[in-house]
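**Student:** I'd like to go over a predicted model; first the sequence, then the structure.
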Amino acid sequence: MHDDHLLPAEPGVRAIARELYGHAKGLPLISPHGHVDPAILADDQPFPDPARLIVVPDHYVTRMLASQGVAPADLGVPSLDGSPVETDGRTIWRRLAAQWHLFRGTPSRLWTERVLAEVFGVDGPLHADTADRVYDTIAERLASPEFRPRALFERFNLEVLATTESPLSDLGAHAKLAADGWGGPGGRVITTFRPDDLVDLDWPGWADRVAQLGAGTYAEFLDRLRERRQAFIAAGATSSDHGHPTAATLALAPQQAAALFDRALGGRAEPGDAETFRAHMLVEFARMSVEDGLVMQLHPGAVRNHNAALYARHGRDVGGDIPSPTEYVRALKPLLDELGTDPRFRIVLYTLDETAFTRELAPLAGGYPAVFLGAPWWFLDSPEGLRRYREAVTETAGFYNTAGFVDDTRAFCSIPVRHDVARRVDAGFLARLVAEHRLPLDEAAETIADLAYHLPKRVYARTVHNGASA
Amino acid sequence: MHDDHLLPAEPGVRAIARELYGHAKGLPLISPHGHVDPAILADDQPFPDPARLIVVPDHYVTRMLASQGVAPADLGVPSLDGSPVETDGRTIWRRLAAQWHLFRGTPSRLWTERVLAEVFGVDGPLHADTADRVYDTIAERLASPEFRPRALFERFNLEVLATTESPLSDLGAHAKLAADGWGGPGGRVITTFRPDDLVDLDWPGWADRVAQLGAGTYAEFLDRLRERRQAFIAAGATSSDHGHPTAATLALAPQQAAALFDRALGGRAEPGDAETFRAHMLVEFARMSVEDGLVMQLHPGAVRNHNAALYARHGRDVGGDIPSPTEYVRALKPLLDELGTDPRFRIVLYTLDETAFTRELAPLAGGYPAVFLGAPWWFLDSPEGLRRYREAVTETAGFYNTAGFVDDTRAFCSIPVRHDVARRVDAGFLARLVAEHRLPLDEAAETIADLAYHLPKRVYARTVHNGASA
Amino acid sequence: MHDDHLLPAEPGVRAIARELYGHAKGLPLISPHGHVDPAILADDQPFPDPARLIVVPDHYVTRMLASQGVAPADLGVPSLDGSPVETDGRTIWRRLAAQWHLFRGTPSRLWTERVLAEVFGVDGPLHADTADRVYDTIAERLASPEFRPRALFERFNLEVLATTESPLSDLGAHAKLAADGWGGPGGRVITTFRPDDLVDLDWPGWADRVAQLGAGTYAEFLDRLRERRQAFIAAGATSSDHGHPTAATLALAPQQAAALFDRALGGRAEPGDAETFRAHMLVEFARMSVEDGLVMQLHPGAVRNHNAALYARHGRDVGGDIPSPTEYVRALKPLLDELGTDPRFRIVLYTLDETAFTRELAPLAGGYPAVFLGAPWWFLDSPEGLRRYREAVTETAGFYNTAGFVDDTRAFCSIPVRHDVARRVDAGFLARLVAEHRLPLDEAAETIADLAYHLPKRVYARTVHNGASA
């Protein structure tokens, strides 16, 4: 990897960017939202083979290969229906290497190449002829103690990593982490409260999960959720997360909410009930945030399981989701009317629809004390996406209504490079401001350190009742 | 301020941009649309203290501070409910200075710093330690005759400044300006006809205002509006302005319009009537434009008073409005079907939704003789917004279907810097075209002078019946 | 034309771009979609005068002039109502030259200037004073054999050119081309199956055209269309094309489709039937593609004939169409549910709404094997549009889910420059990736050749039943 990777090409701007990047490069990583399996760190066992580490679980990678006719089953993606999938890691790896040109210009390419080089010490490019050599190098490294998860965690300079769990999780991995001095409030590995499977009536099995939660009435439902939030806080959680089809919010009267809940539990949900209930529950969770201080995150706008064939064979979260146009201004008004200026409340908004950045999200974040802008998410978490984000939001929201970088990844080994990409792109953006005499260098230097470290640490801290952070 | 402020960083492009900017820099300012209080120039009294000049009335500034927990009341924003607000200018100023880092990367920062330096001769940066010194410098300057409004007007090289008034205004300030040789048709300070408060049924007090206008029937309503337009033309107006939630237009049959009007006046308006009436009145005003030659401006797409807490305490126009997705193509069809190719009609379209620039607005302006594209508005009036605007619209609309820069500001002292920012960004855009061999230098030089001066002068001139400008 | 036309200004990036462009510059042109009249090449007669060649048929040009008050009739655009139009080519040409400044910054300017210089050897700029000289030079050239259409075709290094015809066309021009060794399957000039006039119930005369096709029932309608597709394939077609107001797709049950068809044929179509039928027919045509291997193209989102005055006087396709917001994700789901992962099916998606590029189109193309992204279309086929396209789609779709450049033009002489512009912009984009150490130079060189030649050749090849290309 070249030292100037991703920095602007113009030599004057690059020199400034290089200096600014120097102020962020060595700062610890704050990873306040992501999808790493906590058992990886709780158990601290060696990672499996290179394909199972890098290809199989990464839907960015498998969807691109699928788009050019390499079936997910041939890449080892587990099937729901018991149909056979490739099990040989080396075969899967060769299939990736043979199609590596498909990833030119994509972040998956950048992330993977830097993981290979910087985490595993692979030198030289990946292609069909080098596939086996690269595979063997990684496999050899994975067998050694320095490549165990906790050792990598230290080496990655991670200060804190948040995983994401359902309220139904027993948080066993987090308990083990806490017992080992790695978890719990203020710990290095913490959890995040993600209740989508309990509020989405459209998600098959909803009623069973409500029963599993121990709730028979709407009042019990809210109580159980409040209790689980306390358990999550005990496991270090500082935030909740909500992945909804839209950003709709709604404050139903309690009896209306209870009636809807009863209807749904009785299998008599009406058209529109699912959207209404999700919208209402966002307001309920926001109220709980005021009580318990969890920072709220909202990730709206994905059409889940769009690829019907893929969903039928392989299930959820394997690359079949597609973004859609997402409206925030009218959608969030009920929530913001109630809590938008409440100092005890904080919400971080994400989007897959970047048209909302200048039009809706920056004005909301630049106007409401409770609102912060999340980092570019998913398809937008890329060099161009990160650059467009700063260009789009800064003039209206400034830097200090943004929440800092979030890697949002399942791929543990890619965490450092993802943060590094964001730091480099921010350095490039700030360098342009400096070069165009829009910001003095010393303030740019302070800003990049804030973006990389201080700001996410502050925004994702749990608030206490007086509005301060805990 | 650096001589190359905002010019592109690449040395070759910068050299071209510097040369192009030189062709625009000294041209007089045409300010055909804005919200300066005409009494400021009519009375020509010294400005109040620095905080009341620069902080209190600027919703760009107060909303950013509010977004980080500095209450508008603590910044002196007047309250509707009589609750106390900060009255000490120095205290307000210190609150701004202490939070100045929030404005990094925002146009408010650029505008304010250059106002301090170039209008008031403040040197050095603003921060908590310099707050008092800066405050005192400005306060001292404000007391001297060279800082009276009319003296600044001359110094700013303003050729014409349009203010904006309701048809209910008696235009008293403009009468005084005319008496002093500063106002009236062809004058230096002119008015703009803005009838929103008379056509928006959703705006509390509508019926009272219609009574105040002296109208009891729909026919009288139209007649009174026509008469007020004549009074505005006598006070120099060359344009009308319309701020609507959407761009919807509609040509009701006269009896339908009258029935709707009667219903609304009788307090029996039905759902949808307000939108229908606004849409219809845009067509009526367009017809009046054909008669009297006022250029029509449309500013659609703001969700007004979105921040309910702010609105309840401080009322309208204090930073609580948020943009929303705005459709133009179907919305404007009724109006354009009737008048889009009429040489006696001219409409300038604005947007807060920049996705409309390439998709809808540039094609409309590049196809209909009557349509011109307004400058980037409000949240888009910024270096990045101005740049994206040219990149988005030029290839379809060219330069000559755009209407020139509009500052749209309440902040009198910021007018020169706002125009200068636009001139610099246009110079940068044109310089890139030259550097990429897309436009010869001599044509770029002619173009920048047209954008800065000749084009707004021509587009905002009142048309006379043969389609020529008056 | 400068050698570095359109290449990035920064010297380091420019040097790389120049090298990359060198890898694409000399490759033959593949023009898989456009609107050149095949009779031009079948008859191989001299082109008419310069105005009829360059101004009259180009709605990019006539709409811009119209937007500034030069009536289409004064530019020789044929009228429907028999009202007089200018017939003198020289007069029309002078009108263009006098308003040439309107085109600054537009692709029409670039295209036309390079056609004048590179095709016709005109030197010096176009303006009022040079209009006659330029006109005479072109007119003189047009009279010589080297400027006959087939001679230019050879000189342009065109490998294949697809025209576009209605199923009702007898394909006579293509038969003549085939007889001359220029047409038929694998030929140099081929056709494209465009059935809009037979599936759009809103298009006046639909029932007559169905009768002309020889269909009285829905089953016959499908059979006749299948037969016409075979005739088109015999005339070289490798693709079908569909221009719809929206991207809606729908799989009606056969009896529902037949009932709708009967209703419409009987003049009893209900509101919504037209949209339903278009949506359903897209699925029917996709099924036919599985059978016969024609690649499907979809061009949605234009509001046709928006300019009512223009339509009334001059009819369709003369510059009165305006884009509108276009949704793809939900719209295409019925089609993709059925065929999105079928290796026998391929669809190329176009848009006039560039907000869909990152949000919808790149995720769809980067996820479904059947989906490819078309080149920037119409108002987006421009240097800035092409650049934004690569910046928007590459990170999610990569390069290899895009379909290569399509000129989509009626203007035969502009084909080379349009392809050259795309190659230059792609060189600039790739050069930035190289300069920012995101892609090695050798891979960028391979990529630009793929984009310019190999990829469109592969994507637009007719598929055979096993999913391979024919």
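**Tutor:** Cool, the structure landed.
**Student:** In the stretch 201-350 of chain A, mark out all the helices, start to finish.
**Tutor:** A:206-213, A:218-234, A:254-265, A:273-292, A:308-314, A:333-339 (DSSP state H, counting those that start in this stretch).
**Student:** Number of residues surrounding A:Phe399?
**Tutor:** 24 (other C-beta atoms under 10 Å in any protein chain shown). Backbone N, C-alpha and C define where each C-beta goes, glycine included.
**Student:** wait, what's in contact with it?
**Tutor:** A:Thr447, A:Asp450, A:Leu451, A:Leu455, B:Arg104, B:Gly105 (C-beta atoms under 8 Å, 6 or more residues apart in numbering or on different chains).
**Student:** Check those and tell me the two furthest apart.
**Tutor:** Within those, A:Leu455 and B:Gly105 form the most distant pair, 13.7 Å apart (C-beta to C-beta).
**Student:** Tell me how far A:Ser240 lies from A:Leu41.
**Tutor:** As defined by C-beta to C-beta, to the nearest Å, A:Ser240 lies at a distance of 21 Å from A:Leu41.
**Student:** Kindly provide the distance from the residue nearest to the spatial centre of chain A to A:Val36.
**Tutor:** Against the mean C-alpha coordinate of chain A, by C-alpha atoms, centre = their mean, the closest residue is A:Asp408 at 2.1 Å. Distance of A:Asp408 to A:Val36, computed by C-beta to C-beta: 10 Å.
**Student:** And A:Gly121, by the same measure?
**Tutor:** A:Gly121 is 22 Å from A:Val36, where distance means C-beta to C-beta.
**Student:** So for those two, which sits in the more crowded spot?
**Tutor:** Applying other C-beta under 10 Å to A:Gly121 and A:Val36 shows that A:Val36 carries more neighbours, namely 22 against 11.
**Student:** Please name the nearest non-neighbouring residue to that one.
**Tutor:** Closest residue to A:Val36 apart from its sequence neighbours, by C-beta to C-beta, 6 or more residues apart in numbering or on different chains: A:Phe412 at 5.0 Å.
**Student:** my read: that neighbour touches A:Leu152, true?
**Tutor:** Yes: here A:Phe412 reaches A:Leu152: they are 7.2 Å apart, a contact under C-beta atoms under 8 Å.
**Student:** how much space between A:Pro38 and B:Ala259?
**Tutor:** 66 Å.
**Student:** which one of these two has more residues nearby?
**Tutor:** The residue with more neighbours, out of A:Pro38 and B:Ala259, is A:Pro38; 26 against 13, by other C-beta under 10 Å.
**Student:** Quick check: that one touching A:Val189?
**Tutor:** Yes: between A:Pro38 and A:Val189 there is a contact under C-beta under 8 Å: 6.2 Å.
**Student:** Whichever residue of the stretch 51-200 of chain A sits closest to chain C: what's its closest spatial neighbour, skipping adjacent residues?
**Tutor:** Nearest residue of the stretch 51-200 of chain A to chain C, counting by C-beta to the nearest C-beta: A:Gly105, 4.0 Å away. Nearest residue to A:Gly105 in three dimensions, chain neighbours excluded: C:Thr394, at 4.0 Å (C-beta to C-beta, 6+ apart).
**Student:** so which helix or strand takes in the one you found?
**Tutor:** helix C:383-397 (DSSP states H and E).
**Student:** Around A:Gly266, how many other residues sit close by?
**Tutor:** Neighbours of A:Gly266 using other C-beta under 10 Å come to 9.
**Student:** now for the helix holding C:Thr394, which elements pack on it?
**Tutor:** The contact analysis (3 or more C-beta pairs under 8 Å, 6 or more residues apart in numbering or on different chains; DSSP states H and E) places helix C:383-397 against helix A:383-397, helix B:383-397, helix C:362-365, helix C:415-435.
**Student:** Could you pull up the mean pLDDT of the helix or strand following the last one?
**Tutor:** So that's helix C:415-435. Once the chain leaves helix C:415-435, the next helix or strand it forms, by DSSP H and E, is helix C:441-449. Mean pLDDT, computed over helix C:441-449, is 98.
**Student:** ok, helix C:441-449 near chain A or not?
**Tutor:** Yes: using C-beta under 8 Å from any C-beta of the partner chain, helix C:441-449 reaches chain A at C:Glu443, C:Glu446, C:Thr447.
**Student:** now, which of those sits nearest B:Asp58?
**Tutor:** For the residues of helix C:441-449 next to chain A, the nearest to B:Asp58 is C:Thr447 (49.1 Å; C-beta to C-beta).
**Student:** Spell out which parts of the stretch 251-400 of chain A neighbour chain B.
**Tutor:** Close to chain B, as judged by C-beta under 8 Å from any C-beta, the stretch 251-400 of chain A has residues A:327, A:329-330, A:333, A:336-337, A:340-341, A:343, A:355, A:358-360, A:362-369, A:371, A:391-392, A:394-400.
**Student:** Which of those are buried? Put it as a ChimeraX command.
**Tutor:** The buried residues among these can be selected in ChimeraX (16 or more other C-beta atoms under 10 Å in any protein chain shown) with this line:
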select /A:327,329,330,333,336,337,340,341,355,358,359,360,362,363,364,365,366,367,368,369,371,391,392,394,395,396,397,398,399,400
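**Student:** Any buried residues in stretch A:40-52, and which?
**Tutor:** Neighbour-count burial for stretch A:40-52 flags A:Ile40, A:Leu41, A:Ala42, A:Asp44, A:Phe47, A:Asp49, A:Pro50, A:Ala51, A:Arg52 (criterion: 16+ other C-beta under 10 Å).
**Student:** will you turn those residues into JSON lines that also has secondary structure, distance to A:Ala139 and pLDDT?
**Tutor:** Formatted as JSON lines, those follow (DSSP: H, G, I helix; E, B strand; the rest coil; distance: C-beta to C-beta, whole Å; pLDDT from 0 to 100):
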{"residue": "A:Ile40", "secondary structure": "helix", "distance to A:Ala139": "18", "pLDDT": "98"}
{"residue": "A:Leu41", "secondary structure": "helix", "distance to A:Ala139": "21", "pLDDT": "98"}
{"residue": "A:Ala42", "secondary structure": "helix", "distance to A:Ala139": "23", "pLDDT": "98"}
{"residue": "A:Asp44", "secondary structure": "coil", "distance to A:Ala139": "19", "pLDDT": "98"}
{"residue": "A:Phe47", "secondary structure": "coil", "distance to A:Ala139": "10", "pLDDT": "96"}
{"residue": "A:Asp49", "secondary structure": "coil", "distance to A:Ala139": "6", "pLDDT": "95"}
{"residue": "A:Pro50", "secondary structure": "helix", "distance to A:Ala139": "6", "pLDDT": "97"}
{"residue": "A:Ala51", "secondary structure": "helix", "distance to A:Ala139": "10", "pLDDT": "97"}
{"residue": "A:Arg52", "secondary structure": "helix", "distance to A:Ala139": "11", "pLDDT": "96"}
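**Student:** Distance to chain C for those residues - can I get that in TSV?
**Tutor:** Listed next are the buried residues of stretch A:40-52 as TSV, based on distance: C-beta to the nearest C-beta, whole Å:
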residue	distance to chain C
A:Ile40	27
A:Leu41	30
A:Ala42	33
A:Asp44	34
A:Phe47	27
A:Asp49	26
A:Pro50	22
A:Ala51	21
A:Arg52	22
